[in-house]
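[1] fold the following, please.
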Amino acid sequence: MLSPGQFHKRVPREMQANIRWRLYVAEKAKGNRELQQAVCWACKNDIIFFINTFIIQINPELRELGPFILFPYQEVAILGGEVEIGGEKYFQEGLLACVEDRKDVRWPKSREGGASWIVLMVIEWLCNFHVNVNAGAISRDEDSVDKLGDPNSLFEKVRVMLKYLPDWMNKISKDKKMGFQWSNGNTFTGEANVGSANVGGRLTILLIDEFGQFDKNGEEIYDFTSDVTHCRVFVFTHKDQSGMAYQLCYDAKFQGMRQIITHWSQHPLKNKGLYRVDKETGRPIVLDKQFDFTKIKDFQFVTEYRPVGGPCPGIRSPWYDEEDKRRSERDRSMNLDIDPKGASDQFFDPYRIGVLKAEHCRPPRWVGNLSYDKTTGTPKELIEDQEGFIKLWISPKSSRELPRMRAGAGADISAGVGASPQCLSVMNADSGEKVLEYANANIFQIDFAVFCVAILNMFKDEDGTHPMLIWEIQFAMAFEMKIRELFYRPFWIRRDESAIGKPRDNKGRAGQSTSRGAFYRQMTEYRHDLYNGNVINRSEIAMDENLNFVYTSTGEGVIYKPKGKAKQDGSGARIHHGDIPVADSLAAKVIREMGSDGRPIEAETKYPRPGSWEFREWLHDKRRAEEEDEVWA
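    A predicted model of the protein is given here:
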């Protein structure tokens, strides 16, 4: 059995006491060969004693050196034993048992849990105190394995450990690029992520770090290393629902593989005040009974059931709440929650979209078409038709009149030849509610401009002002020319950066830029408006289309990823390209600039903040009342 010793129980864990212990051991062993041999023997038989007495680490963020003192969950990751994750307890095999039993192990993790450090310390301990050990490491590129002076590279971490070992203990004999050798003949070599990595020799243990980033050849690496060793340690955070790292966790073929998990809720500095949000009621259930929440100024429990995936759904803490605020959903899911579904490249969160659909989406109150003068854009009358292109979530006062409101409108322009639709979205600037959706793939750009003038002329506020209209400039030259020709006002003008502070007029450049950065900001702001209740989108089709937007490969942009023929919506389009959400995002941009307060007026006086536990109760009562009355409240 590796590491049967119990000497570590005498080593203090508190920082200052541990430092004094280290200094005491170093002073007593100095020049005392007999004591040095005894200490080495204790280290060989007790890896926890070795780490907590001799290993020094560097914090790359703070650029500080300090003693590595294992937390209890890290000791279990090495030796095995009972672990508690998110309030649940179970037995977990340790890494040393995987080495002894010659078993592969997957290691999904939250960031900053010390997983890579733990594997490196085990390898250093094996190489320094045991014989016939050959270890290897693979990471996503050469610099990640070994870059001199970079504390984030694997081998630089090892150099830090070796540098601060006492000379009488350190058996390292060679330190070169991508390799270490000890005087007892043991070796530790590294390679970058290439298809043939580590296929030429036999190893005692092989660390495959950041395996979730091996999106192109993860399966190839898995196959090629299978004959190198029977103890491969796959350490990773989930990047998405694809790749070999995801398969190791969710493919039935690998169900029997050993697993070590290091989750943020195990970290004693991060799990203070641990609580769980009840999925049904949204009520917080405190798990850390000893924590005094009153010591945190203005602390409020989060009552939204998140995270929804990973090993600990609904588990939170004050530390996690703060991280949740500063991270994107994908970042949080990937680096904290160990949630491959949430870590996917989807720009809109499926869970939140599902919640918003359940709360807000409903069939339109009116569907039909508009009769209008095809030359002047003068509206004549609304014609109700369940196969029509116009969907209204307001009730027309008559066939010639719509309710008065301040409104903004967004138009997404296409070629109009049946591939993707021309789209128009109108939103109430005071309530944030979407009131009109139009999607038609078989209307030319100029004709679409005339239609927009006609339907928007039916919208007026109390002063007789029509909705502010905005469109994307790409492919929109003919559209813009027709809008100007028909003298429709107002439409959105880009600010002249050389004239900061001057109001927009209708003489400047019209339309929203379609550059990658501008579009990313546009969609990010729209997503924020949706999530925070600033925009209420009643259209189920539009909300479903949101889920096809994905991050670009760099994560710095967003594109629409078509999935073949769109869900039938009456537009006649063969393939959608996110046209309706783009129109929605433009309309949301306009009402935001018009000074929308961001929530329906009745919301501020009649129901609590959306997403709160009180809101859930209010929504339940409201739906029950609606079922009884068979009308919308």
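[2] how about the secondary structure of the nearest residue to W393 once chain neighbours are set aside?
    Nearest residue to W393 in three dimensions, chain neighbours excluded: R538, at 4.4 Å (CB to CB, 6 or more residues apart in numbering). Glycine gets a C-beta too; all of them are placed from N, C-alpha and C. Put simply, R538 is coil when judged by DSSP: H, G, I helix; E, B strand; the rest coil.
[3] what about R538, how many residues close to it?
    21 (other CB atoms under 10 Å).
[4] so who does it touch?
    H360, C361, R362, P364, W393, E433, K434 (CB atoms under 8 Å, 6 or more residues apart in numbering).
[5] got it, and T237?
    P108, K109, S110, R111, E210, G212, M334, N335, I338, A343.
[6] number of nearby residues for L23?
    10.
[7] do you have the strands of the stretch 1-150 of the chain handy? List them.
    For the stretch 1-150 of the chain, applying DSSP state E, counting those that start in this stretch gives strands covering 56-59, 64-67, 81-85, 88-92, 105-108, 134-139.
[8] what's the neighbour count on the nearest residue to E64 once chain neighbours are set aside?
    Distance criterion CB to CB, 6+ apart; nearest residue to E64, sequence neighbours excluded, is I58 at 7.1 Å. Number of residues near I58 (other CB under 10 Å) recorded here: 19.
[9] pretty sure I58 sits against R159.
    No - look at I58 against R159 with CB atoms under 8 Å: they stay out of range, at 9.8 Å.
[10] which SSE is Y351 in?
    Element membership for Y351 (DSSP states H and E) is helix 350-360.
[11] buried residues, that helix. List them.
    When neighbours are counted by 16 or more other CB atoms under 10 Å, the buried residues of helix 350-360 are found to be Y351, R352, I353, V355, L356, K357, E359, H360.
[12] what helices or strands is it leaning on?
    helix 516-531, helix 540-546 (3 or more CB pairs under 8 Å, 6 or more residues apart in numbering; DSSP states H and E).
[13] helix or strand right after that helix?
    Following helix 350-360 toward the C-terminus (DSSP H and E): strand 366-372.
[14] in that next one, what counts as buried?
    For strand 366-372, by 16+ other CB under 10 Å, it's W366, V367, G368, N369, L370, Y372.
[15] so what's the gap between that strand and the chain middle?
    41 Å (CA atoms, centre = their mean, to the nearest Å).
[16] now do stretch 36-48
    43 Å.
[17] with adjacent residues omitted, what lies nearest to V39?
    Per CB to CB, 6+ apart, closest to V39 is A29, 5.7 Å.
[18] quick one: contacts for that neighbour?
    L35, Q36, V39, P166, W168.
[19] so the first one touches K28, yeah?
    Going back to what we said before, that points to L35. Yes - the pair L35 and K28 qualifies as a contact (CB under 8 Å) at a distance of 6.1 Å.
[20] and stretch 221-234, end to end?
    Chord length of stretch 221-234, first to last residue, is 11 Å (CA to CA, to the nearest Å).
[21] ugh, typo on my part, it should be stretch 107-124
    19 Å.
[22] same thing with stretch 480-494?
    14 Å.
[23] show me where pLDDT drops low in the stretch 151-300 of the chain?
    194-200, 215 (pLDDT under 70).
[24] which parts of it are helices?
    Assigned by DSSP state H, counting those that start in this stretch, the stretch 151-300 of the chain shows helices spanning 154-163, 218-224, 243-250.
[25] can you redo the ones you listed as CSV with distance to Q259?
    Shown next, in CSV, are the helices of the stretch 151-300 of the chain (distance: least, CB to CB, whole Å):
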stretch, distance to Q259
helix 154-163, 22
helix 218-224, 16
helix 243-250, 8
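[26] which one, of those helices, ends up nearest to F129?
    With CB to CB as the criterion, F129 lies closest to helix 154-163 of those, at 13.1 Å.
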